[in-house]
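**Student:** Sequence and predicted model, in that order:
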Amino acid sequence: MSALAEIGLGPGVLICDTDFFVRSFLPGLTLKYMPLPDLEHWLPEVLKAIDRMCGSGIFHTDPNAGNVIIDKHAKKIGFIDSEIPARIRTERTLSDEDRRFCHERLLYTLSRDWMNRGLPSSTMKQKILSGAYNYYNSTPCGLLTPQRAVDLLTGKEIQTGIPK
Ligand SMILES: Nc1ncnc2c1ncn2[C@@H]1O[C@H](COP(=O)(O)OP(=O)(O)OP(=O)(O)O)[C@@H](O)[C@H]1O
Ligand SMILES: [Mg+2]
C-alpha cells in the first residue's frame, strides 16, 4: 500500500485499520486542472515519473490525469487513487503491455479533460504536444510512437484497455 510513497511518488499510509485507512495529504493541483503553461514543463516530468513507477515494479491501475497531483513549489509529483497498487514481486519491471497502458491512460484522459474544459487550440497546446512528441522520440521507452502519443493527446486515438 505504501509502495508509491517508498519511491517518493505517492501519499504515505498514516493509519491502516481493519476497515479503513488514512493516507497523507499531498498539496498541489491535479494534472487534470493544470493551466496549460504549467503543463508544458510538467507533462514530460509526469511521463518520466510513470516510467520510474513502472520501473520499480508498481502497476497503477488508473493513472488518469485526475490521479496525478503536482506540487509546483516542492517540485514533486504524486500518484493517488491507487488503493491496491500491485507490486510484481517476481520481476523488476512490468511488462511492456502494462507500461504502455499507464502511458496511454495518462495521455488519453488528459485529452478528455482538455475537451471537457473547452480549451481552444493554441500555441501553448502545440508546445505541449511537441514536448510529448520529443519525449517519446528521445527516450528509450519504445512503447509508443511519438505520433501515437500526439494522437492520444489530441483525441484522435483512444487508449488500449487495461491489461489482463
Ligand atoms: N492523498 C491526497 N492528497 C491530496 N488530495 C487528495 C489525496 N487523495 C485524493 N485527493 C483529492 O481528492 C480527489 C479525489 O480523490 P481520488 O482520486 O482518490 O478519488 P476519485 O477519483 O474521485 O474517486 P473514485 O476513484 O472512487 O471515483 C483528488 O482529485 C484530489 O483532489
Ligand atoms: Mg481519482
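**Tutor:** Looks like it arrived, so ask away. Ligands and ions are numbered 1, 2, ... in the order given.

**Student:** ok, and the closest non-adjacent residue to Leu143?
**Tutor:** The spatially closest residue to Leu143, leaving aside those adjacent along the chain, is Arg100, at 4.4 Å (C-beta to C-beta, 6 or more residues apart in numbering). Bear in mind the C-beta positions are built from the backbone N, C-alpha and C, glycine included.

**Student:** and what of Tyr136?
**Tutor:** Taking C-beta to C-beta, 6+ apart as the measure, Tyr136 lies nearest to Pro146, with 4.2 Å between them; neighbours along the chain are not counted.

**Student:** Show the contacting residues for that neighbour.
**Tutor:** 132-137 (C-beta atoms under 8 Å, 6 or more residues apart in numbering).

**Student:** and if you look at His73?
**Tutor:** Pro27.

**Student:** what's the distance between it and ligand 2?
**Tutor:** The gap separating His73 from ligand 2 is 22 Å, by C-beta to the ion, to the nearest Å.

**Student:** Might one say that Leu36 is in contact with Leu129?
**Tutor:** No. Under the contact definition of C-beta atoms under 8 Å, Leu36 does not touch Leu129, with a separation of 10.9 Å.

**Student:** who's in contact with the residue of the chain most remote from its centre?
**Tutor:** Within the chain, the residue lying farthest from the chain centre (C-alpha atoms, centre = their mean) is Thr18, at 29.6 Å. The contact partners of Thr18, taken as C-beta under 8 Å, 6+ apart, number zero.

**Student:** What score does it have for pLDDT?
**Tutor:** With respect to pLDDT, Thr18 scores 89.

**Student:** and the protein, which residues reach ligand 2?
**Tutor:** Residues of the chain lying close to ligand 2 by C-beta under 5 Å from the ion are 66-67, 81.

**Student:** picking that back up, now do the contacts for the residue nearest to Leu143.
**Tutor:** For Arg100, the contacting residues are 143-144, 160, by C-beta under 8 Å, 6+ apart.

**Student:** mind listing what's buried in the helix or strand where Leu47 lies?
**Tutor:** Of the helices and strands defined by DSSP states H and E, Leu47 is found in helix 36-55. By neighbour count, and taking 16 or more other C-beta atoms under 10 Å as the criterion, the buried residues in helix 36-55 are 36, 39-40, 42-44, 46-47, 49-51, 53-54.
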